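Novice: next one to model:
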Amino acid sequence: MPFPPSPRARSGPRRRSLLAVGSTALALAGCTAGDEDSGDPGDGPSAADRRARARAARDSEDLVERYDAVIAARPGIAERLRPLREEVVRHARAFGGGRKASVSPSPSSASSSPSAAAVPGNDRDAVAVLAAAERKLADRRAKALVGVEGELARLLASVAAAGAAHVYLLTEGDA
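Specialist: Predicted coordinates:
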């Protein structure tokens, strides 16, 4: 007579098999993404994708300028905002921009930007303005997903999600 299964025995896949399948899936996904780029030069990004990428880069650069303005006007919250600003700089670079956005803000360029005058007079309102800008941009990027494909769609989705996380950190969390 066979022993009944142990009540502690789990049904379904084990952790090791999930890890093995997951890593294989990632490797295959990487291989297929590379195959898309190996076609002839006419198979490059469409004009719509290039425009979407350029707009996303400009939007990120503009957001960096907003962060710079707030950091320059409200130095008491600069340490809280720097990590988020650096993320936005990386987003601009991922979209092919970043010429205007540097890793560390220069106080002279931040105070001379047109958005510097628009920084509210207290920390709470200044952070709220940044959160609103992040939310608006994340929503716009999520809507732009409909018009793009492939890697650009994945990048837009990822950056939109990061923007939503920034909104949370600015409004609810301790950024």
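
Novice: what about the nearest residue to V119 once chain neighbours are set aside, how many neighbours?
Specialist: The shortest distance from V119 to any non-neighbouring residue, by CB to CB, 6 or more residues apart in numbering, is to A73 (3.9 Å). Using the backbone N, CA and C atoms, a C-beta is placed for each residue, glycine as well. Look at A73: counted by other CB atoms under 10 Å, it has 20 neighbours.

Novice: quick check: A73 vs V127, distance?
Specialist: Relative to V127, A73 is positioned 12 Å away (CB to CB, to the nearest Å).

Novice: and R154, by the same measure?
Specialist: With distances taken as CB to CB, R154 is found 30 Å from V127.

Novice: my guess is A94 contacts L156, does it?
Specialist: No: the pair A94 / L156 is not scored as a contact, 10.0 Å apart, by CB atoms under 8 Å.

Novice: quick one, which of those two is more surrounded?
Specialist: L156 (22 against 16).

Novice: excluding covalently adjacent residues, which one is nearest to the more buried one?
Specialist: R141 (5.0 Å).

Novice: got it, and E87?
Specialist: Spatial nearest neighbour of E87, excluding adjacent residues (CB to CB, 6+ apart): A162 at 6.3 Å.

Novice: mind listing what the closest residue to I77 other than its chain neighbours touches?
Specialist: Closest residue to I77 apart from its sequence neighbours, by CB to CB, 6+ apart: D123 at 5.0 Å. Residues in contact with D123 (CB atoms under 8 Å, 6 or more residues apart in numbering) are R74, G76, I77.

Novice: pLDDT of the longest helix along the chain, averaged?
Specialist: What stands out as the longest helix in the chain, according to DSSP state H, is helix 47-73. Helix 47-73 shows a mean pLDDT of 94.
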